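**Student:** take a look and give me a structure for this.
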Amino acid sequence: MLEARAVPVSEAARERIASCTDPDTLNRWLDLAVTAADTEELFREDGEEREV
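**Tutor:** Presented below is the predicted three-dimensional model:
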């Protein structure tokens, strides 16, 4: 999804995503990937404030 939107994905982020086996986390990341400007938005924990 991120690559289709031309969002850069580092090798470390790619490995983190590929190695994740938790379906809830993967679904959350997929939902976020639709609008995320970068991979940091995927990995930000729920409840953390976003920079404006």
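**Student:** need the helices for the chain, in chain order.
**Tutor:** With DSSP state H, the ranges of helices along the chain come out as 11-19, 23-33, 39-43.
**Student:** might one say that Glu41 is in contact with Leu32?
**Tutor:** Yes - with contact defined as C-beta atoms under 8 Å, Glu41 and Leu32 form a contacting pair (5.9 Å). Yep, even glycine has a C-beta here, placed from its N, CA and C like the rest.
**Student:** who are the neighbours in contact with the spatially closest residue to Thr39 that is not a sequence neighbour?
**Tutor:** Leaving aside its chain neighbours, Thr39 sits nearest to Ala13 (4.1 Å; criterion: C-beta to C-beta, 6 or more residues apart in numbering). Shown in contact with Ala13 (C-beta atoms under 8 Å, 6 or more residues apart in numbering): 39, 42-43.
**Student:** which of those scores worst on pLDDT?
**Tutor:** Lowest pLDDT of those: Leu42, 88.
**Student:** contacting residues for that one?
**Tutor:** For Leu42, the contacting residues are 2, 13, 17, 29, 32-33, 36, by C-beta under 8 Å, 6+ apart.
**Student:** rerun at 7 Å
**Tutor:** Applying C-beta atoms under 7 Å, 6 or more residues apart in numbering, we find Leu42 in contact with 29, 32-33, 36.
**Student:** go on, Asp38?
**Tutor:** With contact taken as C-beta under 7 Å, 6+ apart, Asp38 is in contact with Val7.
**Student:** run the last query once more with 10 Å
**Tutor:** For Asp38, the contacting residues are 2, 7-10, 13, by C-beta atoms under 10 Å, 6 or more residues apart in numbering.
**Student:** do the same with Thr39
**Tutor:** Counting by C-beta under 10 Å, 6+ apart, Thr39 makes contact with 2, 7-10, 12-14, 16-17, 29, 32-33.
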